[in-house]
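S.K.: okay, structure incoming, though there's no sequence with it:
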């Protein structure tokens, strides 16, 4: 508990010095004035989930009418960022961030320093794109521990931290946070372990970086197989900056939100306990607008408890 308080104090002190606590993102005025009184969590999807062949403006309008609060893009690549920004401004529909689209294949933990450099350039491009469209964070998978000789757990730890630190000056300049997602990459958990593992390694990894510009993009369903999401939320506490939303079950694997084994009431309780407020982005199988409607309803029911 003391460690969590010390971490929060350090983060608040650092961000206050940068003026972050008094700055209000430009997209806030587009949200309903009473939104935080209703729910402190904003809902979103990954742009690639909505697969109808439509102009971005029309896609954004449909998602907005379905009740989503914003959208998350991919970078490098993905949709045209100028078109996305214009659509966002026209509708008052915020783009809150982007996923680093090359972090799996061009890893910051790769044994080849040239590939690590390319991975860093991809992260830098994502930071620049997020800044351009008015977002505030990049989702990053820092590496994959799948080779005990060339890309072990220790390699991922040291190499990825070294590369992330190189991107921090730009992140600070643009006000864009680098957020680490917990995924099935054999890193920060035991892939052969049981379902009682904790988030202690993830917390230690973030604490070693020790920057207000780095935090957790906590995926609620990703580690249901290895631990209890609500307990991970409680341990990570203020390290969590954004949420990915999915479900997983012993009998059906990754599945629709609400159809797996995630204890959603406990998740909601844990989020309330840590005082979480911010973005929650679905990361599940996509489809047309009716699928987008179903995802929104499932997020409202299971994540928001409406």
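M.R.: All right, it came through fine. This one's a predicted model, so the numbers in the text were calculated from it and none came from an experiment.
S.K.: which other helices and strands contact the host helix or strand of residue 44?
M.R.: Per DSSP states H and E: residue 44 is located in strand 41-46. Applying 3 or more CB pairs under 8 Å, 6 or more residues apart in numbering; DSSP states H and E, one finds that strand 41-46 contacts strand 70-75, strand 95-100, strand 278-282, helix 289-298. C-beta here means a position set from N, CA and C on the backbone, and glycine is covered the same way.
S.K.: now these in TSV, with mean neighbour count and distance to residue 185?
M.R.: Output for these, formatted as TSV (neighbours: other CB atoms under 10 Å; distance: least, CB to CB, whole Å):
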stretch	mean neighbour count	distance to residue 185
strand 70-75	24	18
strand 95-100	27	13
strand 278-282	22	19
helix 289-298	17	25
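S.K.: on that earlier part again, which other residues reach the strand holding residue 44?
M.R.: For strand 41-46, contacts defined as CB atoms under 8 Å, 6 or more residues apart in numbering pick out 31, 35, 63, 67-72, 74, 96, 99, 243, 271, 276-283, 286, 292, 295-296, 299-300, 303-304.
S.K.: check stretch 254-262 too.
M.R.: Contacts with stretch 254-262, where a contact means CB under 8 Å, 6+ apart, come from 220-221, 224, 229, 245-250, 252, 264, 282, 284-285, 294-295, 298-299, 301-303.
S.K.: if you set the cut-off to 6 Å instead, what comes out?
M.R.: For stretch 254-262, the surrounding residues in contact (CB atoms under 6 Å, 6 or more residues apart in numbering) are 221, 224, 229, 247-249, 298, 302.
S.K.: the inter-axis angle of the strand holding residue 44 versus strand 95-100?
M.R.: 50 degrees (axes from the mean of the first three to the mean of the last three CA atoms, to 10 degrees).
S.K.: quick one, strand 41-46 and strand 278-282 angle?
M.R.: Strand 41-46 and strand 278-282 are oriented at 40 degrees to each other (the same axes, to 10 degrees).
S.K.: pairing partners for strand 41-46, with directions?
M.R.: strand 70-75 (parallel), strand 278-282 (parallel) (DSSP bridges).
S.K.: and it, average pLDDT?
M.R.: Predicted confidence along strand 41-46 averages 98 (mean pLDDT).
S.K.: run through this protein and note the low-pLDDT ranges.
M.R.: Residue ranges of the chain with pLDDT under 70: 1-39.
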